[in-house]
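Colleague: with the sequence up front, the predicted model follows.
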Amino acid sequence: MKLRKGSQDATGLRFGIVVAKFNKFVTTKLLSSCVEGLTKHGVKADDIEVVRVPGAFEIPLVARTMARTKQFNAVICLGAVIRGDTPHFDYISAEASRGIGQAALDADVPIIFGVLTTHTIAQAIERAESIKFNRGGEAARSAIEMATVMRLLRVGEEAPPSAEAPRVRRAQKRAPRKRKA
Ligand code: INI
């Protein structure tokens, strides 16, 4: 039997993060614990790119676009959808989860679902803070595990994205040859 699994060594990997501005008091906490989780496992600050979007509904398109650049080993989606008095919550949360899943399959790159969907503000805060749930840190760990396991599975496929941008060889201009008299 052959067992293949990811690791938590993220050295040299690059990550994209899409974070919703809606419910900022929750999503900023998710973002800081996610970034902390990545750097703690060896990711350089320069290898993390953060894009802010208005709300969770807008996350899938941006995540898909980032993933399709193949500049990232994984993309992490962070947001907070909190139930209110109307059915709005159901539409936003369903679209965010469906869209993020679809984006990963379309782009063929791991995209992590770090979007909280909660009944109350208190539940959202509790999950964003690092004391009990630390969902931002959890999203970082999932991203590293997926990035490393996909790298293992893709040995032999095209080169995986890495921190090292492919070097483009410049065509060297040669001096015109001198004609023999
Ligand atoms: N966006 C969220 O990220 N969380 C919410 O709780 C939320 N609610 O409840 O309305 C929310 N709405 C905004 C939505 O994501 C879009 O930004 C907006 O509809 C514009 O497309």
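Modeller: All right, it came through fine.

Colleague: going forward, measure contacts between C-alpha atoms and count neighbours the same way
Modeller: Fine.

Colleague: now the helices for this structure?
Modeller: Here the chain has its helices, by DSSP state H, at 24-40, 59-68, 88-107, 121-128, 135-153.

Colleague: so how far is the ligand from the spatially most central residue of the chain?
Modeller: Centroid check for the chain by CA atoms, centre = their mean gives V75 as the closest residue, at 1.7 Å. With distances taken as CA to the nearest ligand atom, to the nearest Å, V75 is found 17 Å from the ligand.

Colleague: V155 now?
Modeller: 37 Å.

Colleague: also G137?
Modeller: 19 Å.

Colleague: residues in contact with that residue?
Modeller: Contacts for G137 (CA atoms under 8 Å, 6 or more residues apart in numbering) come out as 30, 33-38, 130.

Colleague: now tabulate these in TSV and tack on distance to E58, pLDDT and neighbour count.
Modeller: Compiled in TSV, the contacts of G137 are given as follows (distance: CA to CA, whole Å; pLDDT from 0 to 100; neighbours: other CA atoms under 10 Å):
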residue	distance to E58	pLDDT	neighbour count
L30	17	97	31
S33	22	96	22
C34	19	97	27
V35	21	97	21
E36	24	96	16
G37	24	96	20
L38	23	97	30
S130	26	78	18
